[in-house]
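Asker: model this:
(2 chains)
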Number of protein chains: 2
Amino acid sequence: MRTAFYVSDGTAITAEVFGHALLTMFPAQFEHITLPFIENIEAATQVIQRINDCYKTTGLRPLVFHTFVDEALRLLISQSDGICYDFLNAFVEPLQKELGMAPVPKTHRTHSMHEKTYDFRIDAVNYALANDDGANMKNFNQADIILVGVSRSGKTPTSLYLALQYGIKAANYPFVEEDMSELKLPPELKKHQAKLFGLTITAERLSQIREQRRPNSRYASVKQCALELKEVELLYQREQIPYINSTQLSIEEISAKIISRTGLKRQKY
Amino acid sequence: MRTAFYVSDGTAITAEVFGHALLTMFPAQFEHITLPFIENIEAATQVIQRINDCYKTTGLRPLVFHTFVDEALRLLISQSDGICYDFLNAFVEPLQKELGMAPVPKTHRTHSMHEKTYDFRIDAVNYALANDDGANMKNFNQADIILVGVSRSGKTPTSLYLALQYGIKAANYPFVEEDMSELKLPPELKKHQAKLFGLTITAERLSQIREQRRPNSRYASVKQCALELKEVELLYQREQIPYINSTQLSIEEISAKIISRTGLKRQKY
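Answerer: Model prediction:
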């Protein structure tokens, strides 16, 4: 199996995203190794040794996705036996021409702490935690968005992702079984109707997820799941609440779709 | 101000990471616009219109960072008045040669749902929530890592980021004021000592953060913060618990450093 190294003088998150986006284009499996915070010649020399050893052991030249801000370290890594893919370097020159200014490389700028953005995110995480699962409905006026849906439809992970990734304050509210006979919006939600966004999912998938929590329960039965989902989807339609079906979607996709559909303002880029 | 567009037939997260990494090399401010899920010619035509309008209004050619898997849409966007930076296309050919196989483009593969990885992440998020702030210490045997530190030192956001981004199960445990007179590891932590990882922070920054929670309290005073931090750092040293100072670090950096220092196995790449 071919090995892919992700190497950087920062977190290597950018190198990973870049390499991963490329490798997923190919129908093959790879061994992944991330080596972050390679900040001096000693560390870089060890990385080269590791790449070269990998080549010797496997007979396949490792793929090396790297993003160095430090020019000397970048050049050093390029001398390894790996095949280096260096997108920063490839694109900086054309961008420099277009912008008419020289780059000012600075380590740890991409995924580092910008005080203002940071506080937004921590605030948003604290908000999501304090307003998970219908707790503190009096705080809904501070919410950027309120996710609604049946139990286990993906509200909590999505709220947390919106907070951590984008600094968006997301509350969430579950419609529970007791509400189902005549489902309507509670007054606290009605008051903030413009902030509501619904999640739904197929009954089969929901049942699978609930089975892990309470095996062989009525709660987890496909029949009960289907009943709850039908009521909730009718409510979304009746109240014109935008909603998406999360069955085939990752947390990233759900979050990106919500932002795209609502035009929510992100605190972080 | 120059406008940067991030456009994709998927979430556009890769385009954002790619563009952001490049733009942060330059000492300038940009207007950011993300346009995800551009999945048909109609949507792409609207994007082109928006890019061209932006050029007309600002007199500056917009920068367009795009990652299309669909070839026809990719070519269409390339005909806009923006300057297009297309790293997928630039690197696919050399990678294809090296791997000796043709790419099999498939939309929504990069940030989409791989059932197994997905379950790991949701499990890890649920674990982090259930084991936040010292709750359920009997679950520590399931933890991949247990973050320890004083109140508000960054344990909770880090636990959630490790869960969402990497599928790592992180519990966390706070050392509170009452413990400080003779601080030692509680038996439940002692039992899992190999899993402990400490966070620390400067007293000044901790005091700022606590002030937002309880203004003008003893809890938030620099003196109290300094006292707690001193005790906790002595404990880390005495018990040989690895630790990092999070003051200057983003959640991404803290998490990447923890993984790098501990060799924790990630469930997701």
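Asker: partner strands of the host helix or strand of residue A:147, with direction?
Answerer: Residue A:147 is part of strand A:145-150 when elements are defined by DSSP states H and E. Strand A:145-150 has the following strand partners under DSSP bridges: strand A:170-175 (parallel), strand A:196-200 (parallel).
Asker: which helix or which strand is home to residue A:31?
Answerer: strand A:30-35.
Asker: strand partners (parallel or antiparallel) of the helix or strand hosting residue A:4?
Answerer: Element membership for residue A:4, per DSSP H and E: strand A:2-8. The strands that strand A:2-8 pairs with in its sheet are strand A:30-35 (parallel), strand A:63-67 (parallel) (by DSSP bridges).
Asker: so of these, which one's packed in deepest?
Answerer: Among the strands paired with strand A:2-8, the stretch with the highest mean neighbour count (mean count of other Cβ atoms under 10 Å in any protein chain shown) is strand A:63-67, at a mean of 27. No exception for glycine: its C-beta is placed from N, CA and C like everyone else's.
Asker: about what we covered before: give the rounded mean pLDDT of the strand holding residue A:4.
Answerer: Computed over strand A:2-8, the mean pLDDT rounds to 97.
Asker: which other residues reach it?
Answerer: With contacts defined as Cβ atoms under 8 Å, 6 or more residues apart in numbering or on different chains, strand A:2-8 is touched by A:12, A:14-16, A:19, A:23, A:28, A:30-38, A:47, A:50-51, A:54, A:58, A:60, A:62-68, A:77, A:82, B:99.
Asker: and if we set it to 7 Å?
Answerer: Taking contacts as Cβ atoms under 7 Å, 6 or more residues apart in numbering or on different chains, the residues outside strand A:2-8 that touch it are A:12, A:14-16, A:19, A:23, A:28, A:30-36, A:38, A:47, A:51, A:54, A:58, A:60, A:62-68, A:77, A:82.
Asker: in stretch A:20-32, what counts as buried?
Answerer: Of the residues in stretch A:20-32, those buried by neighbour count under the rule 16 or more other Cβ atoms under 10 Å in any protein chain shown are A:20, A:21, A:22, A:23, A:24, A:25, A:26, A:30.
Asker: with stretch A:194-202 instead?
Answerer: For stretch A:194-202, the neighbour count (16+ other Cβ under 10 Å) marks A:195, A:196, A:197, A:198, A:199, A:200, A:201, A:202 as buried.
Asker: out of the residues you listed, which one sits closest to chain B?
Answerer: residue A:201 (12.0 Å; Cβ to the nearest Cβ).
Asker: show the pLDDT at the closest one.
Answerer: The predicted local distance difference test score for residue A:201 is 97.
Asker: and the one 3 residues further on, by the same measure?
Answerer: Residue-level confidence at residue A:204 comes out at 96, pLDDT.
Asker: run a quick neighbour tally on the residue nearest to it when sequence neighbours are not counted.
Answerer: Among residues not flanking residue A:204 along the chain, residue A:222 sits closest, at 6.2 Å (Cβ to Cβ, 6 or more residues apart in numbering or on different chains). Counted with other Cβ atoms under 10 Å in any protein chain shown, the burial measure for residue A:222 works out to 15 neighbours.
Asker: need the contact list for residue A:222.
Answerer: Per Cβ under 7 Å, 6+ apart, neighbours of residue A:222: A:203, A:204, A:207.
Asker: the first one contacts residue A:227, doesn't it?
Answerer: No - counting by Cβ atoms under 7 Å, residue A:203 does not reach residue A:227; the two are 8.5 Å apart.
Asker: of the two, who's got more company?
Answerer: Using other Cβ under 10 Å as the criterion, residue A:203 and residue A:227 rank with residue A:203 on top: 19 against 15.
Asker: relative to chain B, how far out is the more buried one?
Answerer: 17 Å (Cβ to the nearest Cβ, to the nearest Å).
Asker: which residues touch that residue?
Answerer: Going by Cβ under 7 Å, 6+ apart, the list of residues near residue A:203 reads A:222, A:225, A:226, A:229.
Asker: list only buried entries from those residues.
Answerer: Buried members of these, scored by 16+ other Cβ under 10 Å, are A:225, A:229.
Asker: which intervals of chain A have sub-threshold pLDDT?
Answerer: Within chain A, the segments meeting pLDDT under 70 span A:107-118, A:268-269.
Asker: on that earlier part again, adding distance to residue B:187, write the strands paired with strand A:145-150 out as JSON lines.
Answerer: Formatted as JSON lines, the entries for these read as follows, by distance: least, Cβ to Cβ, whole Å:
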{"stretch": "strand A:170-175", "distance to residue B:187": "36"}
{"stretch": "strand A:196-200", "distance to residue B:187": "41"}
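Asker: the residue lying closest to residue A:30 once chain neighbours are set aside: how many residues sit nearby?
Answerer: Nearest residue to residue A:30, sequence neighbours excluded (Cβ to Cβ, 6+ apart): residue A:4, at 4.7 Å. By the criterion of other Cβ under 10 Å, residue A:4 has 23 neighbours.
Asker: one more: residue A:1?
Answerer: As a burial measure, residue A:1 scores 9 neighbours (other Cβ under 10 Å).
Asker: how is chain A carved up into domains?
Answerer: Residue ranges for the structural domains of chain A, counted by automatic domain parsing, are given in the record as A:2-99, A:115-262.
Asker: just put those in a markdown table and tack on distance to residue B:105.
Answerer: Output for the domains of chain A, formatted as a markdown table (distance: least, Cβ to Cβ, whole Å):
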| stretch | distance to residue B:105 |
| --- | --- |
| domain A:2-99 | 6 |
| domain A:115-262 | 17 |
